[in-house]
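>>> sequence? don't have it. structure:
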């Protein structure tokens, strides 16, 4: 019995050790690959950006990370969350990205743009489109400290510290 087990283990090591499987090299997908993925999955995209060797696609209740290998095979990873439509939902801390989804209630009271304040004091302003979500990318060492929603009269209608 022991001899059979040892023989089996040695054969397994030999077979897996001699495998000529190439190492996969991953890179960011092309615009065409992203378009085909979005179309074939019938996605309603809020925003998308390229980060290093991948692309991020923001949806209302999830985002998808896409990357491809040297054979142009596309891979995806999905993260989903629940939404209450009242507040801002954030994913990430700003390094290398933060996803921001604006709730319907904030849109209904006139959300016009966002101010995103980083730990180094930098403030980034972005207009809010009817799609209600955006991705911001930063490769500095500063994390997001505060997000404010501003209306057309320049009044803060929502603020969230992180």
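All right, it came through fine. Since the model is a prediction, treat every value here as computed from it, not as a measurement.
>>> report the buried residues of stretch 31-48.
33-34, 37-38, 46-48 (16 or more other C-beta atoms under 10 Å). In short, each C-beta sits where N, CA and C put it, glycine included.
>>> nearest to residue 157 among the residues you listed?
residue 46 (20.0 Å; C-beta to C-beta).
>>> which residue is the nearest non-sequential neighbour of that closest one?
residue 133 (3.3 Å; C-beta to C-beta, 6 or more residues apart in numbering).
>>> is that neighbour in contact with residue 45, as I believe?
No: the pair residue 133 / residue 45 is not scored as a contact, 9.0 Å apart, by C-beta atoms under 8 Å.
>>> residues touching the residue nearest to residue 46, list them.
With contacts defined as C-beta atoms under 8 Å, 6 or more residues apart in numbering, the neighbours of residue 133 are 46-47, 58-60, 99-102.
>>> rewinding a little: which neighbours do residue 133 and residue 45 share?
The contact lists of residue 133 and residue 45 share 58-59, where a contact means C-beta under 8 Å, 6+ apart.
>>> any idea how many residues pack against residue 57?
By other C-beta atoms under 10 Å, 22 other residues sit near residue 57.
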